[in-house]
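Enquirer: Sequence first, then the predicted structure:
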Amino acid sequence: MADTITLQVARYRPEAETEPTFQEYQTPCRKDWVVLDALNYIKDKVDGTLSFRWSCRMGICGSCGMTVNGEPKLTCATFLTDYAPGPVRVEPLRNFPIVRDLVIEMSDFMRKLVQVKPWIIRAEEKPLSEGEYLQTPEEMDEYKQFSMCINCMLCYSACPVYGLDPHFVGPAAIALAQRYNLDSRDQGASERLDLLSDHTGIWGCTFVGECTKACPKSVDPAASIQRYKLKTALEWFKSFLMPRGAR
Amino acid sequence: MSQAPIYTEYHPRWYRRRVSTYWWLRRPSYLVFILREVSSLFVAWFVVFTLLQIHALSEGAESYQRFQEWSKNPVVVIVNVVALFFVVLHSITWFKLAPQAMVVRFRGKRVPALWIAGPNYAAWLLVSVVVAWIVLGG
């Protein structure tokens, strides 16, 4: 087995370059090493100027998303040996502006996350003395899948709609909105409706389905969007049949 | 009290990549997706074709005869064969997507995708057989 592997890493140094270039590095290819380990090896031993984001190394923080051989991946969960004998091409996530090397600019995503109001909204809070809002395991199963999102943005990187139209609210934010809409304790679905039912919301999605394939946490954002489409279509139909019914 | 920092929206040093016009050729799943989108044109064509057929029928036997002659034209046959391919592709992918959009529960558990897609395909097949029987048998 070859004990080294070549990494072709995208570099972008805005103070010196006008567009990204690739730089090759030789790193050890150990069986237990992921792409992130190789990047950290480069940073520590070979070239300290390489910039990238990472934190937990265990698929929880969602910081280390990059494009590995053309696919959006969490680099902490992508083993080098799967790409042996190499080379492995590491680029920043697609569909986002590049700040430096492998670091992308994510404030657009952060803004969208807040827009969908991802918190429990109550028409009226009950007093503390009445205790917590209870929920059955079945009620929790309704939304649990969508609550597994770690905001790694791989789905935005995989989504051609977001690439072509950055106004699209996008897979993770819509899935998160659904996570709260489907929560039995939440009463804020109507507050999220205007943003989500806009043409930049669920109707922007053309069901390519790549977000679901890219998701490292099996959230299935594509399904959440289609379910919401079905629901709003039925709501519209109902309001059409019964115009006097409250929304 | 410190003031919140104000960041400019204009960052000349961020590198913004443009999406290539041929992005849909980059991977097979994108290509299938674009073919599915294009298929809507052919679905529309079949609607137009059927309307023309009904119109010809309403104009009388002679007009319908002319329509049949026209539809035997090799160009029309080729267009219809291509359209059939796209309509079949559209239907297959449409029913395949149905389980993702529909959540059906049976005894508290979500039913498997096949339980939703299966009856859809079966109903499609049944309707096709009935239509074929009427058209070919009649």
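Expert: The structure has been received and is ready for your questions.
Enquirer: where does residue B:131 land in three-state SS?
Expert: For residue B:131, the assignment made with DSSP: H, G, I helix; E, B strand; the rest coil gives helix.
Enquirer: meant to ask about residue A:57, not that
Expert: Strictly by three-state DSSP, residue A:57 counts as coil.
Enquirer: Show the contacting residues for it.
Expert: A:36, A:64, A:76 (C-beta atoms under 8 Å, 6 or more residues apart in numbering or on different chains). (Glycine included, C-beta is placed from N, CA and C.)
Enquirer: can you map out the strands along chain B?
Expert: Secondary structure of chain B (DSSP state E): strands at B:105-106, B:109-110.
Enquirer: Show the model's pLDDT score for residue A:213.
Expert: Note for residue A:213: predicted pLDDT of 93.
Enquirer: what's the neighbour count on it?
Expert: If you count neighbours by other C-beta atoms under 10 Å in any protein chain shown, residue A:213 ends up with 15.
Enquirer: Equivalent analysis for residue A:131, please.
Expert: Around residue A:131 there are 8 residues (other C-beta under 10 Å).
Enquirer: How confident is the prediction for it, by pLDDT?
Expert: 91.
Enquirer: Can you pull the domain assignment for the chain?
Expert: I went with chain A, as the question did not name one. As given by automatic domain parsing, the domain ranges for chain A are A:4-104, A:107-241.
Enquirer: wrong one, I was asking about chain B
Expert: If you go by automatic domain parsing, chain B breaks into B:1-86, B:102-138.
Enquirer: so, in contact with chain A or not, the shortest one?
Expert: So that's domain B:102-138. Yes. Applying C-beta under 8 Å from any C-beta of the partner chain, one finds domain B:102-138 in contact with chain A at B:102-103, B:108.
Enquirer: What subset of those is buried?
Expert: Listed as buried from these are residue B:102; burial here means 16 or more other C-beta atoms under 10 Å in any protein chain shown.
Enquirer: and chain B, which of its residues are near chain A?
Expert: So chain B meets chain A at B:11, B:13-17, B:19, B:23-24, B:26-27, B:29-30, B:33, B:37, B:97, B:100-103, B:108 (C-beta under 8 Å from any C-beta).
Enquirer: Tell me which of those residues fall in helices.
Expert: Judged by DSSP state H, helices contain the following of the residues of chain B next to chain A: B:29-30, B:33, B:37, B:97, B:100-101.
Enquirer: okay if I get the domains of chain A as TSV plus distance to residue B:121?
Expert: Output for the domains of chain A, formatted as TSV (distance: least, C-beta to C-beta, whole Å):
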stretch	distance to residue B:121
domain A:4-104	31
domain A:107-241	18
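Enquirer: circling back: okay if I get the contacts of residue A:57 as a markdown table plus pLDDT, distance to residue A:159 and neighbour count?
Expert: Conversion of the contacts of residue A:57 to a markdown table gives the following (pLDDT from 0 to 100; distance: C-beta to C-beta, whole Å; neighbours: other C-beta atoms under 10 Å in any protein chain shown):
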| residue | pLDDT | distance to residue A:159 | neighbour count |
| --- | --- | --- | --- |
| A:36 | 97 | 23 | 22 |
| A:64 | 96 | 19 | 24 |
| A:76 | 97 | 22 | 23 |
